[in-house]
Every structure is written in structure tokens, then in C-alpha cells.
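K.L.:
Could you look at this predicted model? Sequence included:
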Amino acid sequence: MIDLIYKIGHFLLITVFATALGLLFMGIARKIIARIQKRYGPPVYQPYLDVLKLFGKDAITHGFIFDFGAVMALGGVIATLFFIPLGSWQLYSMEGTVLLVIYLLAVASLGMAMGTVGSGNPQASIGISRALTQMLGYELPFLVILFSLIFRYQTSSIWGLMQAQAGSFLNWNLFAYPMMALVAFVVLIGMMGKKPFDAMIAPSEIGSGPVVESGGKYLGMLLLQKSITIIIELALYVNLFLGGADNIFSFSFKMLIVWILATMFGSLFPRFRIEDGVKFFWKWPLGIAILQALYIII
Amino acid sequence: MLTKYIFVPAAAAFAAYILNKKNKKAGATITALVSAYLLLSLALIYGSWELNQSFNLSLMGYQLEFLMALTPLSWLFAVLTSAISLLIAVFSIDSQADFKFSSVFNLNFLLVIGSIMGVLFARDFLTLFIFWELMTWTSFYLISSGKKKMAGRAAYRYLILSAAAAYSFLMAVIFIFQQTGSFAFEPAAEFLLNNSAPQSILLLLAISLPFWVKAGIFPLHVWVKDAHGNAPKEFSPFLSGMLLKVGFYGLIVVFHQLSFFKIIENTIAYRGLPLLSYLFALLGAVTIITGTILAIRQEDMKKLIAYSSISQMGYIIIGIAIATPLGFSGSMLHLMNHLIFKSTIFLALAAVIYRTGTTKMYEVGGLIFRMPLTFAAYLTAIIALAGIPPTNGFISKWVIYQALIEKGYLFLALAAFFGSIASFMYVFKPLSTVFLGQLKPQHQEIKEVPLLMKIPMLILIGVIVLFGVFPGIQMNIISQISGDLGIETVNYSLYSIQGAFGAWNSLYIFNVFAAGFVIALLVFGLAKKSKLVGLLDTYSSGEYVTDAESYHYAYQYYRPFDRLFDNLAAKSLTGFYETLTANLLKSGESFRRIFAAGRVQNYALYSVLLFVILAAVGWII
Amino acid sequence: MKFRNLIALVITAAFALIILQAFTITPAAGEITLNEFGKADINNRTAQLYLNKSVNTDNKKVIYQESKNLESGSANIVTSVVANYRSFDTLGEITVLFLAAAGIGVVLNLENSKKKKFAADDSSLILNTGIKLLFPLLLLAGTYIFVYGHLSPGGGFQGGAVIATAFLLKMLSDNKFEIKEISITLVESTAGISFVGLGLYGLVTRGSFLENFMATGTVGQLFSAGIIPLIYIAIAFKVGAELTNIVKNLIEA
Amino acid sequence: MLNFLEEWSFFGGSILLIFIGLYGVLSRKNMIKILISLGLMDTGVNLLLVALGYVEAANAPIINSVNPSNAAAFVDPIPQALVLTSIVIGTAVLALGLALVMKIYDKYSTLNISEIRGLKW
């Protein structure tokens, strides 16, 4: 019983921490982009205010699937979060998680997609169709990278992959397989929907795409979902390529570095057309990833 | 005692045919009862693997011996067949009025069930061939009884491919019979093992050809789409769920029981896998990719799912071809799971078609508000199909990935990943366009399907979740099968499977999911209540929206993606076959113009010429 | 000459040469070959039995106007073969002829086609008058031929053909001449029935279809040869009617 | 020489007749001519059959006052009986063929078989 209560407490703690960190990162990103564009930018804590404000607002719904989608999106990412080691924190040390995480993230995406399309707004549908297309683009190189990592270290648990890079920082996959790390970085940008690959959101084109119909608590929940997703993806990158970390603080620091880099990198490029984005992913990242994988398996 | 599994459906078929003339629902009811009976009696003989039966027939001086036996593999397939036919029969009780000839449907359906049983229990080539052909023909009639104009043509394509393959099968079998004097599997396997390897391989490839066709593997997949798309909506679940799988049954028999893998064991290998096996797996990979790309392009819901079936068959063949313990278990898991979720999808779509009467996705929309249970069935099934935890579909794909990564088959894994990620795309398309989006005005009055149609869907939803949490149930029989075939078994417990790089534990996952959803629900519930507004009351960038029809994004859902593959799709294999046929016909026509121009005198001249040649030959000799 | 004709010529010539070769080939020992011309050895053939009129009974010498109660009393051996030894074949043969006549009727479909009369002008006086003179003579000649079929060259077929010719000539010469359909049918069916009836009578009395049940008489006499003259009469009427029918159909079509 | 000629005039001649008929069937365009060719073949076959049964310096197989006994040399009667049958059947075939030709002429107004389109496909 004590064990269960402890676990539930752990659950909540991780969730709250990840949400808070994610929102903080989002604030930082807005600030950075503003500075790059020679603006002052909102304060770093602006996303917290946004979330609070959104949950206080009245909202409209388009039927039960709209509600269900929002719940499924948030629930999916929270569930995913528990399989990621954050520094020394990991609730379930279950093995085989790295493939699992990829698919668990899909639950959240499916929930969001279902809810937003359930609103009946065609712009949401267009956004979702683009998002799914782009997902096919970036997931392939990413899965090939995972393939080579798992084959290289003979384990598929993120924890195990992290342990394999222990010792000197030269053991980090960033230095051991720099090309792979670079590909993963590009994939990360795609995953987070940052600038060259943000055709699915495209506010000026399809009215923010999937979230066009969400307001009030729905947008708030999607914001929370977004923040946790960012943490999951960054944590995945840090664990796989930067050797993870012993404690949550250095882990957060590593995530922050990656996030800042990704933000700055993203702000440099204009938007890809959706099929060009997919083509790009299949040409360079996938090609390099396949070469790297061939190098590893031979 | 195995013959009853064949003769009970066969006898019931004719009873159903006659009774159905009196009462429209009698045939389907009989089908359901017979399937339930088969299921029950199969459950009772579980484990008695030494059960076998043989009877002799003296025909024109030849002693023919028909052998039948129960193996774990055939038991599994028989159970799957009877279970799925039970569900479909229950489903179809209420939709009998949709048929032009419902009694013929029930007749053929029961005959298909019986002949599949015959195929499964056969232990000699002759029995196998007889029931295989019976299955092909009866399913041909079932496919061609579809309502659409294309149905006959699609069925014809299916029949031609099957027949051509069956000839090759027969040739090889007769060759083996000449050498061994017996049709039974064991002497054949022995003979093939001791024969010269290239010849044995050729013979076995010829024998396996009908199975490749039935399984819909890449160069021979052309029949699948049209057959599935045009078959009666009640038969599509069976076609995709079971008939395709019977091909895999045959392939497993050829690979293991006819010792194909033993023969090619010592040939050139790539990463420990004989090149031929690798080639099969590559075919599977190509199947996955083609099936997926073509599925994404489809606008017809049944054809889309048919292509998805093709691509999922690729996973199964990859696992069977690499034949590692994990690969085989993954394949068998995926085979069962595919049967379950694909039947669910087809049943859900059948429910939609039953109510709306169309298979074009852009002609419907927003049905979730009218048919919530159908939607739930479809949603559960596509979550399983896309391989999202915690459903059964993810487990099988996970096991297959483990098998592929274990051996480092990069390109197979790449195809598997591609098919898996892209399956989100194609399963989301019907979800979004049929169930979500704007409800069409003409579908405002639609009701949920009747109770007898709901029950099978509910059962299947339950089964998907059940196997998602407790894969050990499936692994139980799979481990018996692999033990029977001489493959090492995978470690498993009721809710976990041991992979190559770590274990799968569905109980954890399920817990975590529950926790995640509870938190999300709390967040949702604690927030302010929201106001319900209509579907047309949306942000439209200032446009004034009046009709739901034009406000539904459904046609060419993934156009940007399709543009990437326009060139490829234009050069589709179907087109290639069609060009081939057209050229063949053209050359035949020009040949005919020379030799058979309708001038009787020329025919006389040819026959005289033949006489001259024969006489000259006779005279010279 | 066209190319195709040339090919046909070459092929037929080759065929003919190959066949002719068979007549000049030197036979190997024990090989059955064709006789040279005029060297047919009928002593070793069934023909000899027919000549001896002794397929069943023992061999006896047959002498003109003397031998009595032979197996077949016909002096004309060919008639013996056609109307006695192989009369079942003959029944088939006239059936073929009947079928041909019926087929012509079906093909030309006279009932439905507008019955155009033979539209030529009146034929020449010479022909007309000649035929008027010849018609009874031809009928007489035909009758003679089939009645004496068992004694001299001739028989039912030949006699029937002559009779049909007589009617053909009559139809050609005389526009107004018309044979009633019913009379042809009547003659033909009566003849056919009597042929079969003779056979059935043989079956009933002698135990075999078309078996001779009458006294065969002395070879060479008019009243001899058992049922052969009767059969030949039936055949003559049947053939005559059928051929007339064919001619009539062809003319009227 | 004479013997040779005699022999060839019957065997060779009848075979030649058959093949002339065959050539006619194969090469003529006019249907009536084709029928005539068929008749020629028929005649050739009949002649050949009769010639096969010929016995040198023998009589017709009829017992009469000139040849009062079966001991006299007779030719083989069986081919003759067969030929009798054959002639009748030849007649039937010719008549039926002519009827068909008449019907075809009604339909196509031509006797040239290359102008008859019904069999072209």
C-alpha cells in the first residue's frame, strides 16, 4: 500500500516537473526567437500565464470525440513520460522501451488528431494529414538510428543505452557516431515541429492547423501535452546521444542546451513544403542513417 | 474423427441453401450454429495431437490414400476459421436482405469453411489439392457475388492466378508421386531431402506457388485489392482475415514439414540466413512498401483496407522466412492479431456500408455521432493495426522488430518501420473521413446497426484488448506449434514476452496507461465545463459556411504524399500485368490473323499440310 | 496464279506423290500390302464366301438356274451383298439419304420462304415433247432396273435414281407440273416402313433382324432370292421419293 | 509398258483425280466449283475402290447364262457394294452442299468465298 502511494506520488511529481520544465523551455524559446528577430519578446514565464488563463476561460466543444481526443492526447504523453529515464528518475525500468516510446507517442498524436478532426473543421484535417505525412518522413531515419544503436549495444532499453555510454564523455554517441547524432538532431527538429518542418501548423496558411478549433481548456491541455512532448523528445535525445545524466539537474541542463540549439537552428530556415520535407528526410537523414547502420552491422 | 469438420459444414451448406429459400435468416443462422459447433468440438480436441485418420480409395487400379491429422498448427488455424466465421455469420444474419442470392452465399460460405478445414487437416498432397481447389472455387463464387460491376472481373483475376498456381502445384506433386509412389507428406519430405538440392528447391517453389498467391505476396498480390474491394461486405472480413492466412498455413507446411528450410540450410547465406529465405523476406519487405503506398492513395474504404492487408502480410512472411524463434512467434502472433483486427475493421466498414450503401470515403462523414459503437470498434482495431500499445497489434510487431534487429536485417527492418509508421496514415484516413468530420445531410437519420451486428464487433473489441494485455494466451499455442515444427520457443508468461533485447510486459504498460489517462481526465474534469456547439459552427477564416458537403476534407487526403509516388503508382504492377496481357492478346490476334482468318479453305489447307507432314514422316521412318 | 493457289498445288502434289509412293514400294516379308492392279486374290477374302453364297452353310457349287434354296438366291452377287448380307448397312444408308433430304428441307426453309415458282419461260418444244415421250419410258426403265436388281446389274438405288431423273426432267420441262408434297411423303414413309417391317418380320419369325424368311428359289429366276426383291422395291420407292423431294426442294427454293 | 500404263491409269488416275479434287477444294473461290471438286474427289475414291477389287480378265459378279457358275472368275463384289453406298452418300452430301450454297447465295449474293464476311473474325 505504501509502495502504491509512493508510486502515485512519484507519478504526479514527474508529471508536474516535466510540465513545468516544458513550459519553461517554451518560454525560453520564445525569448530566443524574439531576440534573433531583434524583438524584446515575452517574459520567460509567459507560457505559465497562458496555461492558467486558458484553463480559466470558457470553451466550446464539438461533441464527445472532441473531449476524448484532448484527454487521450494528454493521457498518452503522460503515460509515455513514465518510460523515459529523466536523469536518475525512471518509474519503470522496463526493458525494450525505446521502441515502445516511439509508439506510445503515437497514442497522443492519434488522440490529438482524432479530437481535432472530430471538430469538423477541414483546416484541422489538413493539418493532421500534413502532420502524419511528415511523421513518416522523420520517423524512418530515427527508427534506423534506433536500429543501429540497439544492434550496436545489444539492448533496447533507454536505460541500457544510456549506461553503455558511461565513463568518459568521449563514449557519448555524439562523439562516437557524430553523423548519427546530427541526423537525430534534424529528426528532433522535425519531431518538435520546429521551423523548416512546421507545415502542419502553418498559422498563416491553415489557421494553426490541428489546434484551429481548440480554445480554453482544450488549448490548455494541448499546450500541456506539447510541453511534455518536448521534454520526452529532448530526454530521448539526451539519453541516446549525450550519455544521459546522473541527476535531474545536469540532465535538465543538457536538455536545455539541445533545446536552445534546436530553437536557434529552427529559426534560421523558412518552411518546407510538406512533400519537400519528406523528400529531404528521405534523402539526407535517411541516407546517412542507413550508411551509418550498414557500417555498424557489418 | 477429423472428417466431421469437413462434412458437417458441407452437409449444413445444402441444408442452409434449402432452408434459406423459406426464411432469409435461416442460412446465416445455420452458418453461425455450425461454426459454433466446430469451435466447441475443436476446443474439446485441443492437445490430442496424435489424432489422425486415413482412408483408402481404389480408383481404376490405383490405391489412393487420403491422410488427415491434427497438428497444433492446423488446430490453431481451424479454431481461427470457425471463430471468425461464427462472428461473421452472426453479423450477417441481419444483412441477408442485401444479397441478391443469399442462399447461395450461405451455401458457398459453409463450403469454404469446410474446405478450409480439409486443407488444414490434410496430410497428403491429393487431399490438400482437392480441398484447396474447392476453397478457391467456392471463394471465387463468393467474391463474384459482390454487388459491384467489377466483382466478376476481380473474382476472375483471383481465379486465374489461383488456377495457374494450382497447375504448377499439381505438376510438382505428380513429379514427386512418380518418384516416391505416394502422395503423403512424409515420404515426399524424405525424397526431397535426399534429392539434388536445386531440383528439390524448384519442386517446392512450384508447390508453394498457390500459397504465395493466396497470401498475396508482392508479385502476386494483384488480385487482393479488387477481390477485397468488390466482395460482398460480409465476406471481406473472412477473405482478408482467414483466406489470406490459409496461404501462410501452406507456406509453413512447405517450409517446415516439407523441409524446405532444411534443404536450403547449406546454401549461400547472408547474415546466417540462406539467400533464398532472405529473398522471401525481401519480397515481404517489398509487399509492405507497395501495399502501404497504394493503401494511402485509395479513396475506397474497402480497397484501402485491402491494401493494408497486403502490407500486413509482408510482416508475416518476413517473420516466417527468417524463421528465428522470435521471428516465427512474431509472425504467428501477427497472423492471429491481423485476423482479429482486420476482421473488426471490415465488420465496422460493413456496418457503415450497410447503413449508407457506399464504399467511397468522401461520400460519408461524421458517422461517429450516429454509429458510436461502430466507431469504437474501428478505432480499437486501427489502434491495433497501427501497432500502438496497449493493443495486440503492437506486441506482434514488437516481436518482429526484435527478431529483425537481433539479426541486423537493416532493409527488412526499414520496410517494417516504414509500413508501421505509414499505417498511421492510411488507417487515419477512413477514421477521419468516414467517422469524423462533417455529417452529411443525407445521413442525418442514420441509426446504429442492429444488435446482432453489434455483438460481433463488441466481442472483437474485447478480444483485441484481451490479447493486448495477455499475449501469453496466444503464445501458449504458438509455443506448441514451434515445438511441433522444431523451432525453439520463446520465453513468455501470461502477460510478458521475452525478446532479444528486453522483455515486453503488458501489465506495466496497461497500468501506466491507466494512470496517464486518469491524470488527463482529472485535468479535464477539474477545468470549467464547456459548451456544445454544432459541427458547422467552426472557425472558417471568415468564410460563411452553409453546407456540410463542401466543408468536409476527405478527397485525396494525402495529396502531397501521393505526389511523391505518382510516378511509381502509374507504373503499378497491375498495370504491368495488364500491359503484358494486352500485348499477349495483340500478338495472339496477329497470329490468328495469319492462321485463322475465317477462311475455311485455309483451315483445310492446314489440315492437309498436317497430313502431308505426318505421311512424309511416316514414309521416311 | 496466286501465291495461295501455288502453295495448295505444291501441298497437294506432295501429298499425291507420297500416296502414290505407297503403290510402288517393295513390301518387306510378311507385310500386308496392296495388290497390284488386277491381281486381287479374292479366294482368300470374304468375297469368296459371298460368291459361294455360303457364309453359314457348307461350300457348294452354285450353278445358274439349277442351285436351289441357297443362302441368298440372288444371281447378282453385289445385290446379295447390299440387300442381304449387309442390308442393315443399307438401312442406314437410306437413313442418311433421308437425313440429307430432311436437312435440305430445313436449310432451305421452304415453309417460310415465299414459294417462288420456277420462273423460267416455257421450255423448248423439243424438250417438252421429248420428255412427254420419255417420261413413261424412264419410269418403265427404272422399274425394270429395280425389279431385276437381283438378276442383272441394277437395283433399288439405281432404279430409284432413274425414276427421280424422270421426275426431274418432267419438272424441268413442264412448268405446271407439280408433285404434291403429301404424295412424296406417303410413298417415302410407306417404303421406309415396309423395309423396317420386313426386317421386323424376319426378327419375329427367324430371330434376327432382316433375316430372310421366304424361299430363295432357284438362282437366276425372277421369283427367287427371297426378300431381296421386296427390299429392293422398298428401297427404290424410298430413294426415288427422296431424290425427287430433294430436286423439288432445290428447284422451288 | 502397257501393263504399267493400265495399272497407272486406274490407280494413279484415280489418285490423281482425288488430288485434283483436293486442289480444287483448296484453291477455288467459287463455291460451286468447290462442290464440283468435292464430287471429283468422291469419284476418284470410288474408282480407286473399284480398281482395288479388279481381277484380271474376270467378269462382273453376276451369275447368268454367260457365267453360269461361281467357279467362273469374278471380280471382288464387296468394293462394288461399298461404292454403291458411297455414291449414295456422295449424292446426299452434294445435295446438301448445294442447298447450303443456295442459302448462302441468298444471303450474300455472291458465290466467292473470300467475299463472304460471316466467318471473318
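P.N.:
Sure thing, it's come through.

K.L.:
Can you show me the helices along chain D?
P.N.:
For chain D, the helices defined by DSSP state H cover D:2-27, D:31-52, D:77-108.

K.L.:
Can you lay out the ones you listed as CSV showing mean pLDDT?
P.N.:
Listed next are the helices of chain D as CSV, based on pLDDT from 0 to 100:
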stretch, mean pLDDT
helix D:2-27, 81
helix D:31-52, 90
helix D:77-108, 88
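
K.L.:
so which of those gets nearest B:Ala15?
P.N.:
When the helices of chain D are compared by CB to CB, helix D:77-108 sits nearest B:Ala15, at 53.7 Å. All C-beta atoms are positioned from the backbone trio N, CA, C, and that covers glycine.

K.L.:
What residues sit buried inside that closest one?
P.N.:
Under the neighbour-count criterion of 16 or more other CB atoms under 10 Å in any protein chain shown, helix D:77-108 has D:77-104 buried.

K.L.:
With stretch D:11-19 instead?
P.N.:
For stretch D:11-19, the neighbour count (16+ other CB under 10 Å) marks D:Phe11, D:Gly12, D:Ser14, D:Ile15, D:Leu17, D:Ile18, D:Phe19 as buried.

K.L.:
Contacts only, for the first one.
P.N.:
Right, D:Phe11. By CB atoms under 8 Å, 6 or more residues apart in numbering or on different chains, the contact set of D:Phe11 is C:Leu20, C:Phe23, C:Phe37, D:Leu48, D:Ala51.

K.L.:
measure it to D:Gly21 for me?
P.N.:
Taking CB to CB, to the nearest Å as the measure, D:Phe11 falls 16 Å from D:Gly21.

K.L.:
Over to A:Gly277?
P.N.:
From A:Gly277 to D:Gly21 the distance is 83 Å (CB to CB).

K.L.:
same check, this time on A:His62
P.N.:
In terms of CB to CB, A:His62 sits 91 Å off from D:Gly21.

K.L.:
quick one: stretch C:220-229 near chain D?
P.N.:
Yes: applying CB under 8 Å from any CB of the partner chain, one finds that stretch C:220-229 is in contact with chain D at C:Gly220.

K.L.:
Setting aside sequence neighbours, what's the nearest residue to C:Leu210?
P.N.:
Leaving aside its sequence neighbours, C:Leu210 sits nearest to C:Gly199 (CB to CB, 6 or more residues apart in numbering or on different chains; 4.0 Å).

K.L.:
Tally up the residues packed near that neighbour, please.
P.N.:
Using other CB atoms under 10 Å in any protein chain shown, C:Gly199 has 19 neighbouring residues.

K.L.:
Once you drop chain neighbours, what's closest to the most centrally placed residue in chain D?
P.N.:
Chain D has D:Thr43 as the residue nearest its centroid, 1.6 Å off, counting by CA atoms, centre = their mean. Nearest residue to D:Thr43, sequence neighbours excluded (CB to CB, 6+ apart): D:Leu17, at 6.2 Å.

K.L.:
does A:Met180 really touch A:Ala289, like I thought?
P.N.:
Yes: if you go by CB atoms under 8 Å, A:Met180 and A:Ala289 touch, sitting 6.8 Å apart.

K.L.:
list residues touching both of those two?
P.N.:
A:Ile145, A:Ser148.

K.L.:
Tell me the predicted confidence for B:Val246.
P.N.:
Note on B:Val246: pLDDT of 91.

K.L.:
One more: C:Gly207?
P.N.:
80.

K.L.:
That one: neighbour count?
P.N.:
8.

K.L.:
how near is it to chain A?
P.N.:
Distance of C:Gly207 to chain A, computed by CB to the nearest CB, to the nearest Å: 94 Å.

K.L.:
Then C:Ser67?
P.N.:
Relative to chain A, and taking CB to the nearest CB, C:Ser67 is found at 109 Å.

K.L.:
burial count for that residue?
P.N.:
22.

K.L.:
what sits against it?
P.N.:
Going by CB under 8 Å, 6+ apart, C:Ser67 touches C:Lys53, C:Lys60, C:Lys61, C:Thr218, C:Val219.

K.L.:
Got phi/psi on the closest residue to the last one other than its chain neighbours?
P.N.:
What it means is C:Val219. Closest residue in space to C:Val219, ignoring its immediate chain neighbours: C:Ser67 at 4.9 Å, by CB to CB, 6+ apart. As for C:Ser67, its main-chain torsions (degrees, to the nearest 10) stand at phi -60, psi 140.

K.L.:
Next one, pLDDT for C:Ser67 please.
P.N.:
Looking at C:Ser67, its pLDDT is 78.

K.L.:
Also A:Gln90?
P.N.:
A:Gln90 carries a pLDDT value of 67.

K.L.:
got the residue ranges for the strands in the stretch 301-450 of chain B?
P.N.:
Ranges of strands in the stretch 301-450 of chain B, per DSSP state E, counting those that start in this stretch: none exist.

K.L.:
What number of neighbouring residues does whatever residue of it ends up closest to chain D come out with?
P.N.:
The minimum distance from the stretch 301-450 of chain B to chain D, using CB to the nearest CB, falls at B:Lys303 (36.4 Å). If you count neighbours by other CB under 10 Å, B:Lys303 ends up with 21.

K.L.:
how about it, what does it touch?
P.N.:
Residues in contact with B:Lys303 (CB under 8 Å, 6+ apart) are B:Lys225, B:Asp226, B:His228, B:Gly229, B:Thr359.

K.L.:
so what pLDDT did the closest residue to chain D within the stretch 151-253 of chain C get?
P.N.:
Using CB to the nearest CB, C:Ile246 is the residue of the stretch 151-253 of chain C that sits closest to chain D, at 4.8 Å. Listed pLDDT for C:Ile246 reads 86.

K.L.:
any idea how far it is from C:Ile63?
P.N.:
Remark: distance between C:Ile246 and C:Ile63 (CB to CB) = 42 Å.

K.L.:
These two: who's more crowded?
P.N.:
More crowded of C:Ile246 and C:Ile63, by other CB under 10 Å: C:Ile246, with 25 against 15.

K.L.:
Return the residues in contact with that one.
P.N.:
C:Ile246 touches C:Ala100, C:Ala101, C:Ile104, D:Ala95, counting by CB under 8 Å, 6+ apart.

K.L.:
Tell me, how many residues neighbour the third one?
P.N.:
Put plainly, it is C:Ile104. Neighbours of C:Ile104 using other CB under 10 Å come to 27.

K.L.:
wait, doesn't it sit right on D:Leu94?
P.N.:
No: using CB under 8 Å, C:Ile104 is not in contact with D:Leu94; the gap is 10.8 Å.

K.L.:
Just to be sure, B:Tyr557 is in a helix?
P.N.:
No: counting by DSSP: H, G, I helix; E, B strand; the rest coil, one finds B:Tyr557 to be coil, located in no helix.

K.L.:
how many other residues sit next to it?
P.N.:
Residues within reach of B:Tyr557, counting by other CB under 10 Å, total 27.

K.L.:
phi, psi of it?
P.N.:
The phi/psi pair for B:Tyr557 (degrees, to the nearest 10) is phi -60, psi -40.
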